[in-house]
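Q: the following comprises the amino acid sequence and a computationally predicted model.
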Amino acid sequence: MTSPANSSLSQAVASSPGQTVTSPAVKTLPRQFRDLLALDDFERHARRRLPNMIYQYVAGGVETGRGIAGNFEAYQRYTFIPRMFRDVSGRDQGTTLFGHTWHHPFGVAPLGGASFVAYQADVAMARAAREMNVPMILSASSLVKLEDVHAANPDAWFQAYLAGDQPRIDRLVDRVAAAGYQTLVVTGDTPMLGNREHNTRSGFSMPIKITPKVAFESAISPRWLLGTVAQTFLRHGAPHFENTDAERGPPMMSSKVRNTQARDKLNWKHVEAIRKKWKGNLVIKGLMSPEDAFIARDLGADAVILSNHGGRQLDHTIPPLYSLPEIAEKKGSMKVIIDSGIRRGTDVMKAMALGADFVFLGRPFLYGAVIGGQAGVEHAMHILRDEIDRDLALIGVRTPSELDSSYLKRMF
């Protein structure tokens, strides 16, 4: 699985559970990775390579930005109560979901339009996830065919944005099943797009319009213009929205707009019908209220992902971390997963101590693809893996499953 571009990195940093990076290994990192010590560093470096409009598309939230800020602040409200004089040797991050034991308790969240941010980013993230044995969720808004991503990583999950139109739903579900996906993620927080004012200010639009501002920003970002846009057109042709429906969507840069009609009609009856039709694992994403999580549980969902879409839909939404304990307490056999605002190993530990079975992150891994393709994504995963290993030892446990709320105190 390791490509020549990242073979030295993979040899320097092993991906087995619990194994940490030693100082000599760090010296073998490619030069471009040596200043990347934490996930926040990836954003700073990626921003230098991207036109402002593309960076704002990835980094931005909606309206006042309180949705994003609140997600980060929620994790700051909790502090650890570590335990001492415990044997914490033999630490193991392995975590089982749906019968598969992943090496680490984190995965790659769905990222729409990722392959217009970094060249073939969906494939790079899928391959990195396979190399690290963590799950990766392909977005319905991707520009790479879901079949191609499954070929790169047979363990990838597929995330759907669905209209409230059962025949359209059925056709897409059939396509996803035919491609071999075992896990379908249905997102509920997009009856319409949020008010992303930052896109208007930066000049980003969908479809992309080549204005003088867009042309100038592209010209002064040659690594993106040549490395992502030019390579995509030369090797794959004009990028299309490949997976919004069962049928191929329009080109990203055409005057035609992808079909987002009737998403505001999607309701629990459609979820119930999907559950009856879909034979694999069903995950419901974008939930924030306990009431919705319990409806999903009662309809037979295998898992829910508590998420406010990374602060990109409704502003001032509750950070999912605050809903987590109540939902986890009454989850039954359903798994409870969380995203939005996780950037450190300590964040992962806090979420799991409050009842999460697993976590997902998005933006840092996409920034990793911008900086170094598959190797950049793997380096981000290595950093998070090593933070988790260190945090387990310092908290006083060997595995994430040993964590519970007794290791935390909410301060304010």
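A: Sure, I can see it. For clarity, every value in this text was computed on a predicted model and none was experimentally measured. Numbers count the residues shown, from 1 in each chain.
Q: strands of the stretch 301-412 of the chain, start to end?
A: Assigned by DSSP state E, counting those that start in this stretch, the strands in the stretch 301-412 of the chain fall at 303-306, 335-338, 358-361, 408-410.
Q: the last one packs against which elements?
A: Under the contact definition 3 or more C-beta pairs under 8 Å, 6 or more residues apart in numbering; DSSP states H and E, strand 408-410 sits against strand 78-80. Quick note: C-beta positions are derived from backbone N, CA and C, even for glycine.
Q: next, the buried residues of the strand it packs on.
A: By 16 or more other C-beta atoms under 10 Å, the buried positions in strand 78-80 come out as Y78, F80.
Q: so what are the sheet partners of it and their directions?
A: strand 408-410 (antiparallel) (DSSP bridges).
Q: list the buried ones in the partner strand?
A: With burial defined by 16+ other C-beta under 10 Å, the residues of strand 408-410 counted as buried are L408.
Q: average pLDDT for it?
A: For strand 408-410, the mean pLDDT works out to 97.
Q: got the contact list for that strand?
A: R77, Y78, T79, F80, I81, K350, A353, L354 (C-beta atoms under 8 Å, 6 or more residues apart in numbering).
Q: max pairwise distance over the residues you listed: which two?
A: Comparing all pairs in the contacts of strand 408-410 by C-beta to C-beta, the longest separation belongs to R77 and I81, at 14.3 Å.
Q: neighbour count winner among these two?
A: R77 (15 against 12; other C-beta atoms under 10 Å).
Q: out of the strands of the stretch 301-412 of the chain, which is the most enclosed?
A: Stretch with highest mean neighbour count among those: strand 303-306 (a mean of 26; mean count of other C-beta atoms under 10 Å).
Q: which strands and helices sit next to that one?
A: Against strand 303-306 (3+ C-beta pairs under 8 Å, 6+ apart) you get strand 281-287, helix 290-298, helix 320-329, strand 335-338.
Q: and these: which comes nearest M192?
A: M192 sits nearest to strand 281-287 of all these, at 13.1 Å, using C-beta to C-beta.
Q: quick one: work out the angle between the closest one and helix 320-329.
A: 140 degrees (axes from the mean of the first three to the mean of the last three C-alpha atoms, to 10 degrees).
Q: what lies in contact with strand 281-287?
A: Under C-beta under 8 Å, 6+ apart, the answer for strand 281-287 is 98, 157, 159, 182-190, 271, 274-275, 293, 296, 300-309, 313, 337.
Q: also stretch 260-267?
A: Contact partners of stretch 260-267, identified using C-beta under 8 Å, 6+ apart, comprise Y161, L162, A163, G164, D165, R168, G188, T190, P191, M192, L193, T244.
Q: give me the pLDDT for the first one.
A: To tie it back to what came earlier, the one meant is Y161. 95.
Q: that one contacts A140, correct?
A: Yes - applying C-beta atoms under 8 Å, one finds Y161 in contact with A140, separated by 4.5 Å.
Q: counting neighbours, what do you get for F412?
A: The local packing of F412 (other C-beta under 10 Å) involves 4 other residues.
Q: show me what contacts it?
A: For F412, the contacting residues are R77, by C-beta under 8 Å, 6+ apart.
Q: now distance to R385 too, for the contacts of stretch 260-267, in CSV please.
A: Shown next, in CSV, are the contacts of stretch 260-267 (distance: C-beta to C-beta, whole Å):
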residue, distance to R385
Y161, 30
L162, 33
A163, 38
G164, 40
D165, 41
R168, 39
G188, 31
T190, 31
P191, 36
M192, 37
L193, 34
T244, 33
